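**Student:** next come a sequence and a model predicted from it.
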Amino acid sequence: MRYLLPSFLIALLISCSSYPKKQGFIKAESPQQQVKNPYFSDVSKDYVYKAAIEAFDKNFGGIFIVKKLAANQHRVVFTTEMGNKIFDFSFLEDEFKVNYILPQLDKKILINILKTDFRVLLSEEHCIEKGFKTNSNFLYETRIGAKKYYSHITENELQKIVRVKNAKEKVEFLFSEINDNIAEHIQVIHQNFKLKITLKAI
Amino acid sequence: MRKLVYLMLLLVSTTYAQTELTAVEATALKAKVKALSKQTETITADFVQYKHLDFLSNDIKSEGKLAFKAPNWVKWEYVKPFAYGVLFKNETLFINDDGNKSDMDMGSNSIFKQLNQLITASIKGDMFDAEEFDVTYFKNDEGNVVHFKPQDEQFATFIKTFEITFNDLGEVIAVKMIEPSEDYTQIIFSNRKTNQKLSDAVFTP
C-alpha cells in the first residue's frame, strides 16, 4: 500500500501529460484566433490528386477530386484511373450526403471514417482553444466537429493536423510540398487501424 | 425571347447533327466493323481520356497507350500525368500502379468480366451481338455512333450508356461511357496502327 499510492500517482501524472507537453511545446499566448487551412479553399480551382489507399492489407489507387462549390460547400469524388466513380460525397456546412458509393463499399462504418477525415481536410477555419509554442513553431488546440485536434504551424504553414486521444496521435493529416496554397502531397494516417491515404497533386 | 429562339435553334441543330441509321445502314455498318475485326490481329494506338464531372471547371485529362492482340489481350497504359497500367490477360487483371504490381482474378467477378468484354469489344468495335446491351445506331459529322445500353441492372448502376464512334473505315475512333448521373469518361484514339507485329513481351505483367 505504501508503494502503491506513489506509483499510482506517477502513473496518473504520466498519463495526464498532455499532447503538447509530450511534443515539447509550452503554453503560449496565441497570436491569432483561428487556424486557417487554405488547401481546398479556392472555388476557381479543381483539386485533382492521384491517390494511393492502403486499407487493411489491401492496396488500391485512384483519382481523388475536390471542388469547393461555395463557402463551406465541397464535393469530394474518388474514381478509378479509368474514370469509374467509387464514391461521390457532398459536404455542406454540417450536412453530408452520399451521392454515390460502389455497392461493395457501402458500409456505414467506412463512410463515417471517410466523412470525419475529409471534413478535417476541407474545413478552412478552426477556432483556437489553446496555443502552444516551441522555438518558432506553433501548436494549436482546436475542435473540428465534436473532436479535439491539434494543428502544427511550422514556418507559417499548416503542416500537420492530428486527432489526439489520451495524448496519443490517433489520426495524422500531413501537408507537404506546399506551393501557392496547394498541398501537393497529403497523407492521412490512422494509428489505431490500418488505413493510410496518400494524395499527390496531378 | 431572342435567347429562347437561339436555344431552340441550337436544340434543333444538335438533334439534327445526329440521326438514327436505317435498318439497311445499320446492317452495313455491322458487316463492315465485323469484317475489319476479323482481320485484326493487333492494334496499337495512343489515347487521350477526358473525365467530365459536371461540377468541375475543366475535364480531367490523361494520356496513354493501348496495345491489343487477338483474341483478347489488352494493355491499357496511362503515361501522363501519372503512370498506371492495366493488362487484361487470360481471366486475370494485372495492375501496375507506378511500379506497385498487383493482380485480380476476373473469373470470380462478373462486373470485371463484363468490363473486360466491353473494353476488348470496344477497341475492335464488334459488340453488336452482345445480348447484354440494347443497341441503337446513329450517324453524325464524324462518322457513325453506336449506343449500347446495359441490360443488367447491376451493371447499369455503373454505366448508363456506352457510345462508340466509328470512322468510315469502321475503326473505333472514340468511346464515351456515360454514368447514370450524366457525368462521363470520353476516350479519343489517335495514331492507330493495325496488324503490326507485336511481341508477347508487350503483354508481360
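**Tutor:** Great, that's in hand.

**Student:** and the strand or helix carrying residue B:74, what's buried?
**Tutor:** Secondary structure assigned from DSSP states H and E places residue B:74 in strand B:73-80. By neighbour count on 16 or more other Cβ atoms under 10 Å in any protein chain shown, the buried set for strand B:73-80 is B:73, B:74, B:75, B:76, B:77, B:78. Glycine gets a C-beta too; all of them are placed from N, C-alpha and C.

**Student:** following element in sequence after that strand, please.
**Tutor:** Later in the chain than strand B:73-80, the nearest helix or strand by DSSP H and E is strand B:84-89.

**Student:** tell me which strands that following strand pairs with, and in which orientation.
**Tutor:** Note on strand B:84-89: by DSSP bridges, its sheet partners are strand B:73-80 (antiparallel), strand B:92-97 (antiparallel).

**Student:** work out the gap between that strand and the centre of the chain.
**Tutor:** Put simply, strand B:84-89 sits 15 Å off its chain's centre (Cα atoms, centre = their mean, to the nearest Å).

**Student:** only alpha carbons, please: show that strand as CSV.
**Tutor:** C-alpha atoms of strand B:84-89 as CSV (Å, rounded to 0.1, in the frame of the first residue of the first chain):
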residue,chain,number,x,y,z
TYR,B,84,-0.6,3.4,-64.3
GLY,B,85,-1.2,0.3,-66.5
VAL,B,86,-3.7,-2.4,-66.6
LEU,B,87,-3.3,-5.7,-68.5
PHE,B,88,-6.3,-7.9,-69.2
LYS,B,89,-5.0,-11.4,-70.0
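
**Student:** picking that back up, looking at the strands paired with strand B:84-89, which has the lowest confidence?
**Tutor:** Ranked by mean pLDDT, those bottom out at strand B:92-97, with a mean of 89.

**Student:** what's in contact with that one?
**Tutor:** When contacts are defined by Cβ atoms under 8 Å, 6 or more residues apart in numbering or on different chains, strand B:92-97 is touched by residues A:52, A:59, A:61, B:83-87, B:101-106, B:112, B:116, B:205.

**Student:** recalculate using a threshold of 7 Å.
**Tutor:** Here strand B:92-97 makes contact (Cβ atoms under 7 Å, 6 or more residues apart in numbering or on different chains) with A:61, B:84-87, B:101-106, B:112, B:205.

**Student:** and it, which residues are buried?
**Tutor:** For strand B:92-97, a neighbour-count test (16+ other Cβ under 10 Å) marks B:93, B:94, B:95, B:96, B:97 as buried.

**Student:** please see if stretch B:60-70 touches chain A.
**Tutor:** Yes: counting by Cβ under 7 Å from any Cβ of the partner chain, chain A has neighbours in stretch B:60-70: residue B:60.

**Student:** where along the chain do the helices fall?
**Tutor:** Using chain A here. With helices called from DSSP state H, chain A shows them at A:4-16, A:19-22, A:108-122.

**Student:** the chain in question should be chain B.
**Tutor:** Under DSSP H, chain B gives helices at B:2-17, B:23-39, B:110-124, B:153-156.

**Student:** worst mean pLDDT among these?
**Tutor:** helix B:2-17 - the lowest mean pLDDT of the helices of chain B, at a mean of 52.

**Student:** and the residue of chain A found nearest chain B, what does it touch?
**Tutor:** Here chain A gets closest to chain B at one residue, residue A:83, 3.3 Å apart by Cβ to the nearest Cβ. By Cβ under 7 Å, 6+ apart, the contact set of residue A:83 is B:49, B:51, B:177, B:185.
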